[in-house]
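Participant: Kindly generate the corresponding structure for this input.
(one chain, ligands or ions: 1)
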Amino acid sequence: MATSDQEQQREQQRVDRVIEQVKERAQQTDDLLAKAHHETDVIQKNYGDNNSVNTFEVDDRIETNAELQQQKQMVERAVESEAILKRQVGVLKDLSNSPYFGRIDIQDSPDEEAERLYIGTASFVDAEQNFLVYDWRAPISSVYYNGTLGQVQYQTPAGQQTTELIKKRQFQINHGQIKNMFDTNETVGDEILQAVLGEQNDAYMQNIVATIQKEQNDIIRDTTSDLLVVQGVAGSGKTSAILQRIAFLLYHSRASLEADQMVLFSPNRLFSHYISEVLPSLGERNMRQVTLAEFLSARFQGLTVESLFERYESDRQREQLTPAIRDFQESADFMRQVDQYCHQLPADQLRFTNIVFNGEIFFAKEVITKIAAALPAAMQPADRFLAIKNTLIKRLKHRIDDEAQADWVNDIIDQLSDEAYHDLLGSKRRGDFQSLDDEVFYIGKQIVTKRLRQVYDAIYNGYFLDTYEQYNDFLAQVDRPTTVTPDQWQQRIAAYQAAVEYHRIALVDCAPLLLLRDVLTGSGQNRRMQYIFVDEMQDYSLAQLLYIKHAFPLAKFTLLGDSEQALFKGIELPQQLLERLKDAFNVRRANLITLNKSYRSTEQITNFAKALLPDGDQIQAFTRKGDLPKVMIRYGEDAALSSLRSEVEHQLKATNTVAVLTKDLAESKQVYQYLKRYTVTTLMADSDRTMPQGVIVMPIYLAKGLEFDAVVAYDVSATNYPDADSVGILYTIASRAMHHLTLLSIGDVSPLIAQLDPTLFTIEHQVRV
Ligand SMILES: Nc1ncnc2c1ncn2[C@@H]1O[C@H](COP(=O)(O)OP(=O)(O)OP(=O)(O)O)[C@@H](O)[C@H]1O
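Facilitator: Below you'll find the predicted structure:
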């Protein structure tokens, strides 16, 4: 409901007053920052000077070390306080542009006066401790997002509270001026959302705190679920919701949760960059981000891990695994079998390998097998492994003691300079020893220990277990489903062996192999992480998700995805998926939230995209008007490329970025080779972290999670998208577009488009001569 001019004037006066105070505070904080910066400089300089003191004399060095430690901590503290002030300056700067976006009037009881609360991206408290602005994450602010007028409840640390919501008002304030102002009973009325969405562009994702919708708010404020699954249609705000959720959790658990205790598994590196500004714009630090490929590669050092994209490309060339094998290896049952195998594995079947030093066997695998065999059979695998490690380290120490008096060691000692001798003494002093012999023995041990460091590392890191062979043994004895024939399985094992020979590993083997290694060696788990978020979860196998769960055993999980955008496999119903995940994750509190409204694209684009899907009816378009998608049919590649060029040039006049999306890399390269002759064009690669403006060309899997002002889908022909198997890809391409969508086909258009209601798009045929 529009408000009166007089009312708007009154609100504007309040905005002016608040901004004045915010600016004053910003000035004070700026001064504090300058002071803090100066202090950091002084401490750092001091630290630098001390760091270069002459540390030759041992006694001096010990003292200097303690002092340096203290100074290092001082530097760290100074840098941290400076960073906090910097963040405050940033927050105040944002508040001085737009101090708030909402107002609620509440009345706790009829005989009390109503309170008027203003809600913004951060709290602002004046010198008399009055809250001029409430943080959007404060308990009372949930009323703004959830409540309709009347009696409302909200959660506080002291329990549930009830109040009467009398008014809800929304503002759009820019550069200190109220642009729009509405009273509403809804979550956030369409008017403001319309305005916000119309202005959006694709350089960086923006925070959505001013316009969070009710279902999104449920995702953001869920603090109880161990497993929160969000199934949301393309553009429904899943990614936005996780980012605001992270900001919310940081606020909610300020004392016990740090940003780096949360990990977001993101679909690609471009995406990481695209979302990188959201949390800082809310005054928070970013969480950790990793792609699945990065996560796996870090755990398989020395091997090249097949990426999802490589697998997608090789699948396209029909080199794929038998579907039955893939289903089996990606299942929860396969992971369960790995776990069971590890727990039942007798010591004599552990695949040990020699520890080699300087080309010679240092500890033979037979010796290690004997050590293992001597341990109680009922020991847990991890305990057994630790016991073996400890025995080996003990034996290594004996070897060091024996070797410490060898001639080669004495020769080295004789030739040591004073400085090197002191270095070897470390924290010991000469008077600490009872005799010179003891001292020389000590120095001898230091020399041998250094020499044998590699052996120690090999033991410490558990390199004496050949996990690749062990996994091979596991594969040989696994209980296969009847859908996989013995021959097929033999071939699969052979393919695994051949890959390892060439230092490569297929994606299907990664999660089970890592689980096997972790369970047998008691390693690989990170207990510090509190929250894990997986975006685009439909591209993960259940086995991979289970491994991630194993790797972060104490974390709560938020999995977000859209089964319709499955590029790599068939579509699955959300409820089915939840049941499967709940079972596999074995959690007490699981929650499923579905988002059906799409905010990214114009109504015309969403209606077109949803019609592609067999069950797209549930998707609701947001009412933002635009042009109908345009289908262009050309005969022959030359005609298609030349039309692509004119289309791209035409689009560039109105928008900053035009993304040409193709089905695979080969097509992207071809388009790029052509377009770059006429216009500045960038071919995006898996390794790219930033996105330039202008024309960008990429295969669809690199555009996951991203959005563009204008999208041109290249070659949506019947040859490229022949049947229902390609629906997910076509839908994902179409749903990347915010304002304009063009689909170019070489020859007959895909039946997936041809069968659509013709009023959903315009069509432009090349006239055949
Ligand atoms: N409540 C909201 N207010 C304003 N903008 C919103 C809101 N929800 C979503 N959006 C906008 O809609 C677009 C799509 O959001 P987002 O990328 O989070 O969706 P998604 O569900 O992750 O999409 P996809 O699965 O297609 O990658 C973004 O530009 C986002 O800013």
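
Participant: how close does residue 721 get to the ligand?
Facilitator: Between residue 721 and the ligand the computed distance is 19 Å (Cβ to the nearest ligand atom, to the nearest Å). (Glycine included, C-beta is placed from N, CA and C.)

Participant: Surely that residue is in contact with residue 728?
Facilitator: No - if you go by Cβ atoms under 8 Å, residue 721 and residue 728 don't touch, sitting 10.5 Å apart.

Participant: Looking at the chain, what residue ends up closest to the ligand?
Facilitator: Nearest to the ligand, among the residues of the chain, is residue 237, at 2.9 Å (Cβ to the nearest ligand atom).

Participant: Return the residues in contact with the closest residue to that residue other than its chain neighbours.
Facilitator: Take residue 237 and drop its neighbours on the chain: the residue closest to it by Cβ to Cβ, 6 or more residues apart in numbering is residue 216, 5.3 Å away. Shown in contact with residue 216 (Cβ atoms under 8 Å, 6 or more residues apart in numbering): 208, 237, 240, 241, 244, 595.

Participant: before we move on, back to that, how many neighbours does the residue of the chain closest to the ligand have?
Facilitator: Per other Cβ atoms under 10 Å, the neighbour tally for residue 237 reads 24.

Participant: Quick check: it touching residue 207?
Facilitator: No - using Cβ under 8 Å, residue 237 makes no contact with residue 207, being 11.5 Å away.

Participant: Break the chain into its domains for me.
Facilitator: Recorded structural domains for the chain (assignment: the TED database) are 4-97, 288-345+468-595, 355-465, 603-765.

Participant: mean confidence for the last one?
Facilitator: Averaging the model's pLDDT scores along domain 603-765 yields 92.

Participant: got it, and the second one?
Facilitator: In this model, domain 288-345+468-595 has a mean pLDDT of 89.

Participant: now residue 598: how far from residue 651?
Facilitator: Between residue 598 and residue 651 the computed distance is 21 Å (Cβ to Cβ, to the nearest Å).

Participant: likewise residue 363?
Facilitator: Between residue 363 and residue 651 the computed distance is 66 Å (Cβ to Cβ).

Participant: next one: residue 95
Facilitator: Distance, residue 95 to residue 651, using Cβ to Cβ: 37 Å.

Participant: These two - which one has more neighbours?
Facilitator: Legend: neighbour count by other Cβ under 10 Å for residue 95 and residue 651, higher for residue 95 (25 against 21).

Participant: looking at it, the more buried one is touching residue 123, isn't it?
Facilitator: No - under the contact definition of Cβ under 8 Å, residue 95 does not touch residue 123, with a separation of 9.5 Å.

Participant: which neighbours do these two share?
Facilitator: Common contact partners of residue 95 and residue 123 (Cβ under 8 Å, 6+ apart): residue 133.

Participant: interface residues of the chain facing the ligand?
Facilitator: Residues of the chain found near the ligand (Cβ under 6 Å from any ligand atom) are 193, 196-197, 200, 205-206, 208, 211-213, 216, 232, 234-240, 562, 599-600, 705, 707, 735.

Participant: Kindly recompute the last result at 5 Å.
Facilitator: 208, 211, 213, 232, 234-240, 562, 599-600, 705 (Cβ under 5 Å from any ligand atom).
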